[in-house]
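Peer 1: Sequence and predicted structure are below.
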Amino acid sequence: MHIRSSLISMYFINNDPLSSVKIFGSFPNNDAVLWTDMIAGHVRIGDSENALNFFHEMSKQCVNLDSFALSSALSACADLVTLRQGEMIHCLAVKTGNETEVCVHSSLVDMYAKNGELESATCTFSRLPKHDLMCWNSMLTGYSHHGKADEAFRIFFKMLKHGFKPDPVTILSLLSVCNHCGLVEKGRFFWSYMEENCLRRGPRHYSCMISMLSRSGLWEEAEEMIMESPFVDDYLEYWRTVLSSCIKNGDLGVGIRAADRISRAGVEDSAANVLLSKIYAATGRWGDVLETRRKMKKLTVEKEAGLSWVEVRNNFHVFSSSDGSCMQNGEMRAELDKLLGNLMPVVVEEIVGV
């Protein structure tokens, strides 16, 4: 059993979930540890939908739900922003006596916070007599995720008062809320805090700072930060952030430098090429516009469509604008036409004042 668990974990770590599923399915009567490995493994690789599928199947098989399985399932609900299923798993945690386990409690706070239920997250947080760093970070991330800067700062200083030492995750949440709220000075404070407290800055920390500086019109400072960043693989993303901000705010000088950096890299990225075409057109560099569009046509580049999803009866339906791939597309259109038919007389009456 221990060997099977290690193999499942190893394949998930190497991003090979199919092999993990194959090993799991090759033996009957899997215990709670293996079920939990499958749930946690799918959450780790970002496949939260399948994580919940395994959790529901585990429940059907009447396998004992331990705190680790519940915590992983709640993390999946947080990732998918599915409140209803999260609340159901919360009920299971209470029923099985696992609600007070620290890992479950932290995941509950995270789940409610990411679903926008900050009041429930705060209530859950306050009910636990002792908090670990993960629990503090979950609460902080929730406030950050929803742009509640003052509340996030309050949690941070309260955490320090209780003797907890922030980690890079803590500072990332604080930089994120500073970025979204345009709090440049606060962002600089937390950036310096990392250096003063020997906290390693990762690519996402740099991304938050570069985005914050760019959105505030401090493009030269953003440029300097890109040049000092050790994360070469993320340079294009950083320059793309600066370029996008320059286009929105009309600073064509810095925008051209950012565009040239991206162009010299020979990037075959749809978003970057669309931005390049815009900045070249804005500065009258029509030869470069034609060259960029020729490259885009050759690569059949298009902007990737944004996706939305809706949960119906525990199933997730993913769709995009003008998406006709759904099997029930005809039925949905017929229902929409019926609704529009009912609305039209009301609208006409309001317009003519009948």
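Peer 2: Perfect, I can see it now.
Peer 1: tell me the centre residue of the protein?
Peer 2: residue 79 (7.1 Å; Cα atoms, centre = their mean).
Peer 1: Go ahead and confirm that one touches residue 49.
Peer 2: No - contact criterion Cβ atoms under 8 Å: residue 79 and residue 49 do not qualify, at 9.2 Å. Any C-beta I mention is one placed from the backbone N, CA and C, and that applies to glycine too.
Peer 1: Let me know the distance separating residue 77 from residue 128.
Peer 2: 19 Å (Cβ to Cβ, to the nearest Å).
Peer 1: about what we covered before: can you tell me which residues contact the closest residue to the residue nearest to the centre of the chain other than its chain neighbours?
Peer 2: Using Cβ to Cβ, 6 or more residues apart in numbering and skipping residues adjacent in sequence, the residue nearest residue 79 is residue 48, 4.2 Å away. Neighbour list for residue 48: 42, 75, 76, 77, 79, 80 [criterion: Cβ atoms under 8 Å, 6 or more residues apart in numbering].
Peer 1: tally of neighbours for the closest residue to residue 47 other than its chain neighbours?
Peer 2: Ranked by Cβ to Cβ, 6+ apart and with sequence neighbours excluded, the top spatial neighbour of residue 47 is residue 17, at 6.7 Å. Look at residue 17: counted by other Cβ atoms under 10 Å, it has 18 neighbours.
Peer 1: Could you report the distance from residue 17 to residue 9?
Peer 2: Distance, residue 17 to residue 9, by Cβ to Cβ: 11 Å.
Peer 1: Am I right that residue 209 is in contact with residue 226?
Peer 2: No - the pair residue 209 / residue 226 is not scored as a contact, 9.9 Å apart, by Cβ under 8 Å.
Peer 1: Do you have the strands of this protein handy? List them.
Peer 2: 307-312, 315-320 (DSSP state E).
Peer 1: Okay, the closest residue to residue 145 other than its chain neighbours and residue 121: tell me how far apart.
Peer 2: Distances taken as Cβ to Cβ, 6+ apart put residue 114 closest to residue 145, at 6.1 Å, once the chain neighbours are dropped. According to Cβ to Cβ, residue 114 stands 9 Å off from residue 121.
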